[in-house]
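Engineer: sharing a model that was predicted from the sequence below.
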Amino acid sequence: MPRSKRAKVREIKADPIYNSQLVTKLVNASMRSGKRRIAERSIYSALEKLKGNKKNPVELLQAAIENVGPSKKVRPRRVGGASYLVPVAVSARQRLSLALRWIVDSANSRSNAEYKTYENKLAAELSDAAENKGVAVEKKENMHKVAEANKAFAHFRW
């Protein structure tokens, strides 16, 4: 916890090709070791592969993020010597952040034998997430199940 003021939320510039902040955030989430150009090339290539679906790739990305973003999560609270998993609501910023992180992680975890490149993996994961399928959507559903199972401890939220 910071002792002084909260950190300011910086405005992220829209990307030059799709003019979308979401694409920029996806590039930032998938970037490794500061290699921004490599991440941009991969993201743009994956979005070009999604253009074949007769749908705008940015709209498909928005649909995927809406389907993957969780609305609640659990936080551990220590009460009287015992730890309880307390369900709490997720803010819009954190929902977007979690959705992007889960999409990138699940794309990375896809098998290399079937998809070969990161662009193919990401395109497949985005199209699955837009259709409410895939590993990232399962992760959200698991989180919601855990939050629902621990609803009895919601009164420990403070």
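Structural biologist: Thanks, I have it.
Engineer: next, the residue nearest the centre of the chain: phi, psi?
Structural biologist: A centroid search over the chain (C-alpha atoms, centre = their mean) returns Ala99, at 1.7 Å, as the residue closest to the centre. Backbone geometry at Ala99, expressed as degrees, to the nearest 10, gives phi -60, psi -50.
Engineer: from Ser33, how far out is it?
Structural biologist: Using C-beta to C-beta, to the nearest Å, we find Ala99 at a distance of 23 Å from Ser33. In short, each C-beta sits where N, CA and C put it, glycine included.
Engineer: helices of the chain, start to end?
Structural biologist: Taking DSSP state H, the helices of the chain run over residues 21-30, 36-50, 57-68, 92-109, 112-115, 118-130, 135-149.
Engineer: so which of those helices comes closest to Val9?
Structural biologist: helix 92-109 (7.5 Å; C-beta to C-beta).
Engineer: what is the closest one packed up against?
Structural biologist: Applying 3 or more C-beta pairs under 8 Å, 6 or more residues apart in numbering; DSSP states H and E, one finds that helix 92-109 contacts helix 21-30, helix 57-68, helix 118-130, helix 135-149.
Engineer: angles on the backbone of Asn56, please.
Structural biologist: The phi/psi pair for Asn56 (degrees, to the nearest 10) is phi -60, psi 130.
Engineer: picking that back up, among the helices of the chain, which is the most enclosed?
Structural biologist: Across the helices of the chain, averaging neighbours per residue (mean count of other C-beta atoms under 10 Å) puts helix 118-130 on top, at a mean of 23.
Engineer: and it, what's its mean pLDDT?
Structural biologist: Helix 118-130 comes out with an average pLDDT of 93.
Engineer: if we look at that helix, which residues are touching it?
Structural biologist: 30, 42-43, 45-47, 49-50, 53, 60-61, 63-65, 67-68, 103-104, 106-108, 110, 115, 134-137 (C-beta atoms under 8 Å, 6 or more residues apart in numbering).
Engineer: one more: stretch 56-71?
Structural biologist: With C-beta under 8 Å, 6+ apart, stretch 56-71 has contacts from 18, 20, 22-23, 26, 47-48, 50-51, 53, 89-90, 95-96, 98-100, 102-103, 125-127, 129-130, 132, 136-137, 139-140, 143-144.
Engineer: how about a cut-off of 7 Å?
Structural biologist: 18, 20, 22-23, 26, 47, 50-51, 53, 89-90, 95-96, 98-100, 102-103, 126-127, 129-130, 132, 136-137, 140, 143-144 (C-beta atoms under 7 Å, 6 or more residues apart in numbering).
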